[in-house]
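Engineer: Pasting a predicted model and its sequence here:
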Amino acid sequence: MIKAKDIINIKQEHEKYKKLSENETDIVKRMKYGRIFRDYEYKVLQIELQLTNIELGLFRDIDLHKNVFIDRYMKNIPIERLIDKYRLSRTTIYKICNKAKSLFESNI
């Protein structure tokens, strides 16, 4: 299971090893980078799969919770900008983030 705090790091490492595996000329290093790239590709797919946990755990405001989670944990947008973007109070944004994070990290 992927934690919400690791999403940005996984996406950065995925892109890094993708570039390294494409540009490497040594066959041994290319295979090594390719293996690491496939591991990170699996983690990216796992993140997309865990996003469906948010949809399964809620019965209303599914899009709002999912969009706030993506903006906060995948795009790394600060809370102050989320307040302006969604026109909600700070406590509501924190509640939505915490609920979406707990659903994302659950084993539904």
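Structural biologist: Okay, I see it.
Engineer: Could you use CA atoms for every contact and neighbour count after this?
Structural biologist: Will do.
Engineer: residue farthest from the centroid of the chain?
Structural biologist: Among the residues of the chain, the one whose C-alpha is farthest from the average of all C-alpha positions is residue 26, by C-alpha atoms, centre = their mean at 31.9 Å.
Engineer: Tell me the predicted confidence for that residue.
Structural biologist: Reported pLDDT at residue 26 in the predicted model: 89.
Engineer: Please apply the same query to the one 3 residues further on.
Structural biologist: Reported pLDDT at residue 29 in the predicted model: 90.
Engineer: Now for it: which residues touch it?
Structural biologist: Residues in contact with residue 29 (C-alpha atoms under 8 Å, 6 or more residues apart in numbering) are residue 21.
Engineer: Give the buried residues for stretch 29-39.
Structural biologist: Taking 16 or more other C-alpha atoms under 10 Å as the neighbour-count basis, stretch 29-39 is seen to contain the buried residues 30, 33, 34, 36, 37.
Engineer: Now the element after the lengthiest helix in the chain, going C-ward?
Structural biologist: Of all the elements of type helix in the chain, the one with the most residues (DSSP state H) is helix 27-57. Beyond helix 27-57 in the direction of the C-terminus, DSSP states H and E gives the next helix or strand as helix 62-69.
Engineer: Done for today, thanks.
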